[in-house]
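Enquirer: what shape does this take:
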Amino acid sequence: MRNIPVFYLTLESKDLMELADDLFEHQEGSTTKAEEKLFAHLVQSIKEQKEMLQKLPLPAVMKKKLQEFESSLSVLDGFVQ
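Expert: Residues are numbered from 1 along each chain as shown. Just a heads-up that it's a prediction; the model follows:
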């Protein structure tokens, strides 16, 4: 695939350990606080990277892809509590 934005999704060791601990308490069909926190962190990271990319002098096709990505980002943001 070409002309698709690349985002770096970072995860700190402490967050990974918290998530691993929560998985033992996880009930099917629900989310844990650690999962919600991690998801919110990743969505926020994508938003910040998208904003940084939009400030760069990008080719028109890349600008278009970033604009089109906005609807997907809105969907992801809707899951953040």
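Enquirer: what lies in contact with the helix or strand bottoming out on mean pLDDT in the chain?
Expert: In the chain, the helix or strand scored least confidently by mean pLDDT, DSSP states H and E is helix 13-25, which has a mean of 77. Outside helix 13-25, the residues that touch it by C-beta atoms under 8 Å, 6 or more residues apart in numbering are 32-35, 37-38, 41. In short, each C-beta sits where N, CA and C put it, glycine included.
Enquirer: and those residues as TSV, adding distance to residue 60?
Expert: Formatted as TSV, these follow (distance: C-beta to C-beta, whole Å):
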residue	distance to residue 60
32	42
33	42
34	41
35	38
37	37
38	35
41	31
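Enquirer: give the contact list for residue 31.
Expert: residue 39.
Enquirer: any buried residues in stretch 14-31, and which?
Expert: Residues of stretch 14-31 classed as buried: 18-19, 22 (neighbour count, 16 or more other C-beta atoms under 10 Å).
Enquirer: stretch 57-71 now?
Expert: Result for stretch 57-71 [16+ other C-beta under 10 Å]: buried residues 65-66, 69.
Enquirer: with respect to residue 58, which of those is nearest?
Expert: residue 66 (7.5 Å; C-beta to C-beta).
Enquirer: what's that closest one sitting at in phi/psi?
Expert: Per-residue torsions, residue 66: phi -60, psi -40 (degrees, to the nearest 10).
Enquirer: let's have the chain start at 19 instead
Expert: Yes, from this point I'll number from 19; that puts the last item at residue 84.
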